[in-house]
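[1] sequence first, predicted model second:
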Amino acid sequence: MQPLWIGTSWKMTKTLEEARAWTTALTEHLGGRAPEGVQPFVIPPFTATTTVAQILGQDSPVLLGVQNAHWEDEGAWTGEVSVPQAKDAGAQIVEIGHSERREHFGETVETTRLKVAAALRHGLTPLLCIGESAETKDAGESSAFILEQARGALEGLDAGRLARVVIAYEPIWAIGEKGRPATVPELVEPFAALGAEYTGRVQGLLYGGSVNLENAADLLGIDHVTGLFVGRTAWDVAGYRRLLEIGSAHAAG
C-alpha cells in the first residue's frame, strides 16, 4: 500500500535561522523514522535547500523539494535554477506548475510538460500542481479544466515515468491568505475525475488549499485523496508534526 504524502511548501518565507530551527525540531521529533504509513516532504525556498538537506541527512525519511526548476540543464537563463543544480543541492522533488507560477511568471501547460520531463530525466519526482479559478468552478468546468492541465503536462509519458509523478490538486479559490477552505462535497467531483484517470498510475493524488488541523482528517477521507500539500498550518513545526500524526492515524484505518 502506498504511503500518504504529507508535505509543505514554505513559499517565500523563513530565513536560514528559521529553516534550521524548523528542520532540527522535526528531525529530533522523528528520530530517523517517518510516522507509519506516511511519506513526509518539505519544500523550502532555494536559499535554504542545502541547509535543510544537511540537517535532514542522507537517510532522512523526509523528502526534500524545490519550488520550481528550469527545463534546461544549463545555459543563459539568468535567475533560474536547473534540475541538476537542484539535485546537487539535495532536492528529490521538483514542484511544478503552482498557480502562483502560472499567474505571475507565465507558466504554461507547455512549460510544465518540459519541467516534468526534466525532473524525470534526472531522477527527481515531479510534483505537478493543478487547479482552477473560482470562475471556472462556478461555470461547472472544474474537472475538465484540471484534467486538461494534468494531461498536457504529462503527455507522452510511458507508464514507468508516469508512475513517478505526484499530482497536487490546489484550487485557486482555496489557497493563500484570501482562500477559503473547500468543503468535502466540493472536492468529491474533481477527485473522482482525477481518480478515474490517475489512481494506480501515479505515486499520489494530493489535496492542497487552506488545509488545517480541523479539516485535514476529513480531506484525507475523500475518495482518491492520498495526501495533503499544506501551507501556513505547517510552517509552524508543531502544526506539521500534528498533520503527520493525523495522516498516520488515517493510514492505520
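    Nice, thanks for sending it over.

[2] surely S60 is in contact with T23?
    No. Using CB atoms under 8 Å, S60 is not in contact with T23, being 9.4 Å away. Using the backbone N, CA and C atoms, a C-beta is placed for each residue, glycine as well.

[3] look at the two and report which has more neighbours.
    More neighbours surround T23 than the other of S60 and T23, with 24 against 21 (other CB atoms under 10 Å).

[4] what separates that one from A48, distance-wise?
    The gap separating T23 from A48 is 8 Å, by CB to CB, to the nearest Å.

[5] repeat for G200
    Separation of G200 from A48 (CB to CB): 35 Å.

[6] the more surrounded of the two?
    Neighbours around G200 and A48, counted as other CB under 10 Å, are more numerous at A48. The numbers are 23 against 7.

[7] any idea how far that one lies from A19?
    4 Å.

[8] who touches both of those two?
    W10 (CB atoms under 8 Å, 6 or more residues apart in numbering).

[9] the closest residue to T108 other than its chain neighbours: neighbouring residues, count only.
    If the residues on either side of it in the chain are set aside, T108 comes closest to R102, at 7.4 Å by CB to CB, 6 or more residues apart in numbering. Close neighbours of R102, defined as other CB under 10 Å, add up to 19.

[10] would you mark the buried spots in the helix or strand containing R102?
    With elements taken from DSSP states H and E, the one containing R102 is helix 99-105. The neighbour-count check on helix 99-105 (16 or more other CB atoms under 10 Å) flags 99-102 as buried.

[11] CSV please, covering these and showing distance to R33 and pLDDT.
    What follows is the buried residues of helix 99-105, written out as CSV (distance: CB to CB, whole Å; pLDDT from 0 to 100):
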residue, distance to R33, pLDDT
S99, 34, 95
E100, 33, 94
R101, 33, 96
R102, 37, 96
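
[12] which of those sits closest to G253?
    Relative to G253, the closest of the buried residues of helix 99-105 is S99; by CB to CB it sits at 33.0 Å.

[13] does that closest one really touch E170, like I thought?
    Yes. Using CB under 8 Å, S99 is in contact with E170, at 6.5 Å.

[14] overlap in contacts, these two.
    Residues touching both S99 and E170 (CB under 8 Å, 6+ apart) are 129, 131.

[15] dump stretch 140-158 to CSV, restricted to CA.
    C-alpha atoms of stretch 140-158 as CSV (Å, rounded to 0.1, in the frame of the first residue of the first chain):
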residue,chain,number,x,y,z
GLY,A,140,-19.1,23.9,-13.6
GLU,A,141,-15.9,23.2,-15.5
SER,A,142,-13.5,22.3,-12.7
SER,A,143,-13.0,18.7,-13.7
ALA,A,144,-12.5,19.3,-17.4
PHE,A,145,-10.1,22.2,-16.6
ILE,A,146,-7.8,20.3,-14.2
LEU,A,147,-7.7,17.2,-16.4
GLU,A,148,-6.6,19.4,-19.3
GLN,A,149,-3.8,20.8,-17.2
ALA,A,150,-2.7,17.3,-16.0
ARG,A,151,-2.9,15.7,-19.4
GLY,A,152,-1.0,18.5,-21.0
ALA,A,153,1.9,18.3,-18.5
LEU,A,154,2.0,14.5,-18.6
GLU,A,155,1.6,14.0,-22.3
GLY,A,156,3.9,11.4,-23.8
LEU,A,157,5.0,9.7,-20.6
ASP,A,158,5.1,6.0,-20.6
